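Trainee: just coords:
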DNA sequence: CTGAAAGCGCTTACAG
DNA sequence: CTGAAAGCGCTTACAG
């Protein structure tokens, strides 16, 4: 490893025979500098391969151009799409994005948000995440605008989400319409508004139809949770076993499906199954999975849009009015819940 | 939004009646300051809720504590596990991590690496990514240590990977042992060493057994590529159609599986299928998918370890010796390639 | 149009 | 043990 010193604006200035202020101007206000000088500077930048130090830029300017994107689980395809929708829009506006993954663990979640704060990101998009009020409050106190994804109770922030109560309802209504009278909802953690809302919707539908609804709590929205919930359900006496199961997301549903099949139960003949998110894998599962679809990319894009607007308002010294965008989910029926 | 000024070390110093140097010391060298003073400062930090500005810290110290993790596709469960293995190890050492997603697009890939450079991250772990030599070279010139994941040809960097040639070979040998004489390899882009190596291994096995191997190139390692490759293959005249297909990763294989089934072909009766990565979904696919397993988390963890060592060497002024760690993949046989 | 100077929020020798 | 000062790499008025 060579011992060449690290490049700074100073080096460019020297090579081009100008002051660093002029280098800064060709980077930030090119029109302000004489074409000939500008060319000389650009030439020096190219030959040296210099690139402005963002940390210094942000420190001096008092604001960075980086947005923090926090999600509960990058391995969940739902979040991946959300991230991409958001990133695409941010990029158009010249913002960089840094992704933080909570790995389904509340402790990591706090760490991610704290790290965003310590990095002094310009704003945060908080994907579905338990989002301990304490840390969210800390972001607010640090004056870091935050857009909440998928949490209806906006409170003091812009919000984008889908109507999860409606989503839960259509899932349960569908199972009921297929003749099921004994339902189950599998999901968790209940610290997530999404989980509570989806269950709530399912409960509403069950009550309206006077059907039973068993609630099975699991620690996280992943495969493993689905498998262990399946163990629980397959061990129930047949007359207590639900025949229609609605899972809070597709990962749980796919884990559940594996567990049911492993225990010798047939889907949908013995147990019908509905998931949530309609990720690509849903259609490719052992038994193609019915699922409640959300406009994933759109959610991310809208979240970015709201944040961009808020930042623009702040930069412009305007009063900012928080907004809430709500999408309506829709049911995609496949074999896992087809009438037999 | 209140107009309170942003908090700085200065505010803490004033509240605690000390100089900012002392505040810095309680943060970085607590032993150096008198317990009574230390307490006063810590109290001020707590009541104000101040947190050091990492940009300023990094700028002053000349080095950040953030590592950039670049992957081709966060939506691919393989990468998610890789990231987590790496992050867990980095966290132990007090390094923060920032994730960059290339979204399977070469252009984004360049942007991710450039952004890491502009952010002046301390080091980079480059997950499988086409990794245009130009940008990698730029990192090197910027003296940002880089660990390459899954690229055998280390060159001027530490490297961790699996023996993909061996992986390709065992996949193809397995298909051959099941009686298949007409094979196909589906993968791309060939700018990826992984893809080339897996194909190479398959070719070796095919040649040794005097079996045919059709190579189908696809643009990226995802679902969609698998589906379109399936269209291509199902349209071949029956006598030219391969009966054993090895896909460069599980996402392609699952897309392929869907396409084959949609076209009325039976797996494994008409076509046997083997994927690569052994992601969770492999076992949960319509027909459980045989796959070549890699130690995903371990790969990430080892990459982090190598980077940590390299940084320690640099900090200690020691000569650094690049290392290469190679894991051996193993085949997991499931229904998609079972003898019928 | 260009340069000199101040300062963003920190850390790090160096005095005292 | 604590403080004053210099400086990391930039941007931004302000002179000239």
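Mentor: Nice, thanks for sending it over. All values reported here derive from a predicted model rather than from experimental measurement.

Trainee: quick check, distance from the helix or strand harbouring residue A:252 to the centre of its chain.
Mentor: Using DSSP states H and E, residue A:252 maps to helix A:250-262. In this view, helix A:250-262 has its centroid 23 Å away from the chain centroid, taken as C-alpha atoms, centre = their mean, to the nearest Å.

Trainee: so where's chain A uncertain?
Mentor: Confidence mapping of chain A against pLDDT under 70 gives the ranges A:1-4, A:131, A:152-155, A:340.

Trainee: So the helix ranked longest in it, near chain B or not?
Mentor: The longest helix of chain A (DSSP state H) is helix A:296-315. Yes. Under the criterion of C-beta under 8 Å from any C-beta of the partner chain, helix A:296-315 makes contact with chain B via residue A:314. (Glycine included, C-beta is placed from N, CA and C.)

Trainee: other SSEs contacting that helix?
Mentor: Helices and strands touching helix A:296-315, by 3 or more C-beta pairs under 8 Å, 6 or more residues apart in numbering or on different chains; DSSP states H and E, are helix A:77-92, strand A:123-126, strand A:146-149, strand A:158-162, strand A:324-327.

Trainee: tell me which residues of it are tucked away?
Mentor: When burial is assessed from 16 or more other C-beta atoms under 10 Å in any protein chain shown, helix A:296-315 yields the following buried residues: A:296-311, A:314.

Trainee: which residues in the stretch 1-150 of chain A form strands?
Mentor: Ranges of strands in the stretch 1-150 of chain A, per DSSP state E, counting those that start in this stretch, are A:66-71, A:96-101, A:123-126, A:146-149.

Trainee: Throw those into TSV and include mean neighbour count, thanks.
Mentor: Output for the strands of the stretch 1-150 of chain A, formatted as TSV (neighbours: other C-beta atoms under 10 Å in any protein chain shown):
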stretch	mean neighbour count
strand A:66-71	27
strand A:96-101	24
strand A:123-126	26
strand A:146-149	26
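
Trainee: so can I have TSV of these showing distance to DNA strand D?
Mentor: Shown next, in TSV, are these (distance: least, C-beta to the nearest atom of the strand, whole Å):
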stretch	distance to DNA strand D
strand A:66-71	14
strand A:96-101	14
strand A:123-126	18
strand A:146-149	24
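
Trainee: possible to save the ones you listed as CSV with distance to chain B?
Mentor: Listed next are the strands of the stretch 1-150 of chain A as CSV, based on distance: least, C-beta to the nearest C-beta, whole Å:
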stretch, distance to chain B
strand A:66-71, 8
strand A:96-101, 4
strand A:123-126, 12
strand A:146-149, 12
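
Trainee: Can you lay out those as CSV showing distance to residue B:169?
Mentor: Below are those laid out as CSV (distance: least, C-beta to C-beta, whole Å):
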stretch, distance to residue B:169
strand A:66-71, 37
strand A:96-101, 34
strand A:123-126, 44
strand A:146-149, 45
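
Trainee: Figure out which of those strands is closest to residue A:280.
Mentor: Closest approach to residue A:280 among the strands of the stretch 1-150 of chain A (C-beta to C-beta): strand A:66-71, 17.5 Å.

Trainee: And for residue A:22, the neighbour number?
Mentor: Applying other C-beta atoms under 10 Å in any protein chain shown, we find 21 residues neighbouring residue A:22.

Trainee: again, but for residue A:323
Mentor: Count around residue A:323 with other C-beta under 10 Å applied: 16.

Trainee: quick one, what contacts it?
Mentor: A:158, A:159, A:306, A:309 (C-beta atoms under 8 Å, 6 or more residues apart in numbering or on different chains).

Trainee: and the residues you listed, which two are the farthest apart?
Mentor: A:159 and A:309 (13.1 Å).

Trainee: Spit out the contact partners of the residue lying closest to residue A:116 once chain neighbours are set aside.
Mentor: Excluding its sequence neighbours, the residue lying closest to residue A:116 (C-beta to C-beta, 6 or more residues apart in numbering or on different chains) is residue A:68, at 3.7 Å. Applying C-beta under 8 Å, 6+ apart, we find residue A:68 in contact with A:97, A:98, A:100, A:112, A:116, A:119, A:121, A:123, A:124, A:125.

Trainee: Look up how far residue A:5 lies from residue A:68.
Mentor: 32 Å (C-beta to C-beta, to the nearest Å).

Trainee: and residue A:182, what are its bridge partners?
Mentor: Beta bridges link residue A:182 to residue A:212 when assigned by DSSP bridges.
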